[in-house]
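> I'd like to go over a predicted model; first the sequence, then the structure.
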Amino acid sequence: MPLPQVVSRLPFLVFSIALFLSAASPANSAPRTVASSPSSVSFGNVQVGSKQTKYETLTNTGSSALTISQANVSGTGFSLSGLSLPMTLNKGQSVTFTVAFNPKTGGSSSGGITVSSNASNSSLTIALSGTGVSAGQLTSSASILNFGSVNVGSSKTLTANLSATGSSVTISSANTTNSEFTLAGLSLPKTISAGQSISVSLTFTPRASGTASGSISLASNAANTPAVETLTGSGTGAAQHSVALSWTASTSSVAGYNVYRSGSSGGPYTKLTSVLDASTRYVDNSVQSGLTYYYVNTAVDSHGAESKYSAQLRAVIPSP
């Protein structure tokens with residue numbers, strides 16, 4: 001009779017053990033995977049001596065936490081920053097860091113970042129590439145600009161073309177040694193692509209008579225920095241104009257004459273003579289360039305009686 005009791009319990013024991021094993025198995029095999037974005041980094045052309053940076057992101061795409069232990073960079077001119085190791089990334093967590101390319105010589109370079117972790121892909125490689133190119137040259141269509149003679153207070157503008165050869169050039173600053181010379185048409189910083197040119201305007205505004213000279217220095221990442229534009233010009237005094245008037249003497253007995261002037265035909269007129277002028281000539285030295293004046297005169301007798309205005313005379317003053 002005891003045998004049936006033992007047999008009846010066996011199925012229960014076997015079933016319980018099976019349940020225990022199936023519940024424990026998934027917890028021990030949860031996958032860990034690390035992914036990079038982008039999967040490779042290309043810096044393209046970078047001028048020798050310059051530095052270009054890009055961003056790289058590592059993400060835990062698995063279902064459990066993983067630990068990144070190392071990240072090693074290979075290849076000349078490549079480096080990384082912003083990644084403090086070791087570090088743990090939980091499920092779905094990411095970390096972003098900086099990758100840089102700083103070529104010391106011209107030519108193509110290749111390398112990579114090897115990421116070591118306890119993920120299933122324990123050694124992840126991110127390919128790196130870039131090309132170092134020699135510094136360009138910045139040239140001007142006219143290394144010396146002569147503005148010639150310019151009236152004091154006036155301005156004269158000349159145009160020059162700035163060109164980049166060999167490689168692109170970025171102009172960072174422009175400084176002048178003489179404030180009478182100014183540069184326009186250049187918003188800084190300004191990059192000129194290799195083989196391209198831009199136009200700039202240079203203006204000379206003399207403040208005094210005599211020869212003026214100076215230069216404008218353009219600082220850039222070109223091999224021939226700074227590029228210097230030599231400038232010269234001469235300031236000349238503004239032209240002095242006058243109006244010489246003459247008339248026929250009156251047939252009556254007169255004590256002298258008055259001269260009047262207006263800026264409009266027909267007046268009103270303003271008297272120029274402070275005292276009677278007994279001669280029949282008058283020189284007006286107070287005229288301005290580019291204006292038109294209208295003159296009349298009168299005769300005054302010994303009693304102070306003044307005649308009517310004479311016929312009007314028009315004088316056009318040259319400019320300048």
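Good, I have the coordinates. Residues are numbered from 1 along each chain as shown.
> Show the contacting residues for Ala119.
32-34, 60, 62, 66 (C-beta atoms under 8 Å, 6 or more residues apart in numbering). In short, each C-beta sits where N, CA and C put it, glycine included.
> quick one: it is in a strand?
No: read with DSSP: H, G, I helix; E, B strand; the rest coil, Ala119 is coil and lies in no strand.
> That one and Tyr269: what is the separation?
101 Å (C-beta to C-beta, to the nearest Å).
> Let me know the pLDDT of Ser50.
You'll see Ser50 listed with a pLDDT of 85.
> OK, contacts around it?
102-103, 221.
> how does it look with 10 Å?
Neighbouring residues of Ser50 by C-beta atoms under 10 Å, 6 or more residues apart in numbering: 101-103, 132-133, 135, 170, 221.
> With Gly263 instead?
Gly263 touches 269-270, 291-294, counting by C-beta under 10 Å, 6+ apart.
> With Ser141 instead?
159-163, 197, 199-200.
> Among the residues you listed, which lie within strands?
Those of those mapping onto strands are 159-163, 197, 199-200, per DSSP state E.
> Take those and write them to a markdown table, including distance to Leu245, neighbour count and pLDDT.
Shown next, in a markdown table, are these (distance: C-beta to C-beta, whole Å; neighbours: other C-beta atoms under 10 Å; pLDDT from 0 to 100):
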| residue | distance to Leu245 | neighbour count | pLDDT |
| --- | --- | --- | --- |
| Thr159 | 45 | 12 | 95 |
| Ala160 | 49 | 19 | 95 |
| Asn161 | 52 | 12 | 96 |
| Leu162 | 55 | 23 | 96 |
| Ser163 | 58 | 17 | 97 |
| Ser197 | 57 | 15 | 96 |
| Ser199 | 50 | 11 | 96 |
| Val200 | 49 | 21 | 96 |
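> Not counting residues beside it along the chain, what's closest to Thr304?
One thing to correct before we go on: residue 304 is Gly, not Thr. Ala255 (8.0 Å; C-beta to C-beta, 6 or more residues apart in numbering).
> Could you list the domains of this structure?
The chain breaks down into these structural domains: 34-133, 137-236, 243-316 (assignment by automatic domain parsing).
> Can you check the pLDDT for Ser310?
95.
> Touching, it and Tyr260? I think so.
Yes: the criterion here is C-beta atoms under 10 Å, and Ser310 meets it with Tyr260 at 9.2 Å.
> who touches both of these two?
By C-beta under 10 Å, 6+ apart, the residues touching both Ser310 and Tyr260 are 295-298.
> which one among those gets closest to Ser209?
For the shared contacts of Ser310 and Tyr260, the residue nearest Ser209 by C-beta to C-beta is Tyr295; the value is 31.2 Å.
> Please verify my assumption that that closest one contacts Leu313.
Yes: if you go by C-beta under 10 Å, Tyr295 and Leu313 touch, sitting 4.5 Å apart.
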